[in-house]
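Engineer: Dropping the sequence and predicted coords here.
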Amino acid sequence: MIASHVTYRASGVLAAGTHALWQLRNEAESVPADQSSHTLVAYNGSVLENYPRFRATCQEQLDALVEATGGRKGVIELMYAEESSLLGAAVAVACLDG
């Protein structure tokens, strides 16, 4: 039961952080929450991939936060990104200035 509460809270922290970044982007681009386009958030990691219902719970909490701030359910979608750490490093190297 304790582990269940800890994982629920952890998924809420992840959802809150993702939602905060989404809101920050919307504010920076002067986009109202109700007019925000579909946003994919790539993830990679064994907890989100394998822990029972962790990703689903995180998505549910994320949807609730978006709706509470005037957005549409599902506007932010968590999406599995295989080999994302390798791709992230490749993008970082590509961005280096000569």
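Structural biologist: Structure received. Just so we're clear, the structure is a prediction, and the values are computed from it rather than from any experiment.
Engineer: May I ask which helix or strand of the chain has the lowest mean pLDDT?
Structural biologist: Least confident helix or strand of the chain, by mean pLDDT, DSSP states H and E, is helix 84-94 with a mean of 74.
Engineer: outside of it, which residues touch it?
Structural biologist: 42-44, 81 (Cβ atoms under 8 Å, 6 or more residues apart in numbering). Any C-beta I mention is one placed from the backbone N, CA and C, and that applies to glycine too.
Engineer: Need the buried ones from those residues selected in PyMOL.
Structural biologist: To isolate the buried ones among the contacts of helix 84-94 in PyMOL, judged by 16 or more other Cβ atoms under 10 Å, type:
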select buried, resi 43
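Engineer: how about the least confident helix or strand of the chain: buried residues?
Structural biologist: Here helix 84-94 shows no buried residue, counting by 16+ other Cβ under 10 Å.
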